[in-house]
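Asks: A predicted structure for the sequence below; I have some questions about it.
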Amino acid sequence: MTPRYWLMKSEPDVFSIDDLARRGTAGWDGVRNYQARNFMRAMKIGDQAFFYHSNARPPGVAGLMQVCREAYSDPTQFDPRDDHHEPRATRENPVWSQVDVRFVRKFSRLLPLDELRGVPALSELALFRRSRLSIQPVAPAQWAAVLVLAGLTPE
DNA sequence: GCCAACGTTGGC
DNA sequence: GCCAACGTTGGC
């Protein structure tokens, strides 16, 4: 099956692409938005994703990663001391999900939001229209256009 | 089920 | 740090 493409945001002060590069894989926990959660639940092993640095100077796409474990219960929802604790969640009926991702590569330069805005092929990116959605689908043509900006040729 | 108040995201 | 956008909560 053709892999699909996504964009996933993280604040680099909290978790950056360098953190992911060091660790190799990581659980994408802490997502507390239903639409973003539902996108994660739709992800399949092998799906590819942009690692987007949000709340950064400048914000932008930092590199690539790959889904290596499909959606499962986000354990932080059960921890009363965690910022992401979810009082409504029980082990039997969890509310929030996460996937695991594997580091693929860091771009040789960050592709700033400003630059992405100027690319006609990317004008429909959800990033520009649904600014608060932390996980969003990316169309194949959009994926390819970003790889070109990054100096990589689509495979 | 409406909608005002509130909280969070995230660019600037 | 500000604040616009927008998702969520809760009173009615």
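Replies: On my side now, so go ahead. Numbers count the residues shown, from 1 in each chain, chains lettered A, B, ... in the order given.
Asks: Need phi/psi at the spatially closest residue to residue A:151 that is not a sequence neighbour.
Replies: Nearest residue to residue A:151, sequence neighbours excluded (C-beta to C-beta, 6 or more residues apart in numbering): residue A:108, at 6.2 Å. For glycine as for every other residue, the C-beta is placed from the backbone atoms N, C-alpha and C. Per-residue torsions, residue A:108: phi -70, psi -20 (degrees, to the nearest 10).
Asks: quick one: residue A:108 and residue A:149 touch, right?
Replies: No - here residue A:108 does not reach residue A:149: they are 11.0 Å apart, not a contact under C-beta atoms under 8 Å.
Asks: Between those two, which is the more surrounded one?
Replies: Taking neighbours as other C-beta atoms under 10 Å, residue A:108 and residue A:149 compare with residue A:149 leading, 16 against 9.
Asks: Distance check, that one against residue A:60.
Replies: To residue A:60, residue A:149 is 10 Å away according to C-beta to C-beta, to the nearest Å.
Asks: list the residues that contact both of these two?
Replies: Common contacts of residue A:149 and residue A:60 (C-beta atoms under 8 Å, 6 or more residues apart in numbering): A:111, A:115, A:116.
Asks: how close does residue A:138 sit to residue A:121?
Replies: In this structure, residue A:138 and residue A:121 are 11 Å apart, going by C-beta to C-beta.
Asks: let me redo that: residue A:36
Replies: From residue A:36 to residue A:121 the distance is 24 Å (C-beta to C-beta).
Asks: and these two? which has more neighbours close in?
Replies: Per other C-beta under 10 Å, whichever of residue A:36 and residue A:121 has more neighbours is residue A:36, with 20 against 15.
Asks: Skip the chain neighbours and tell me the closest residue to the more buried one.
Replies: Nearest non-adjacent residue to residue A:36, counting by C-beta to C-beta, 6+ apart: residue A:135, 4.0 Å away.
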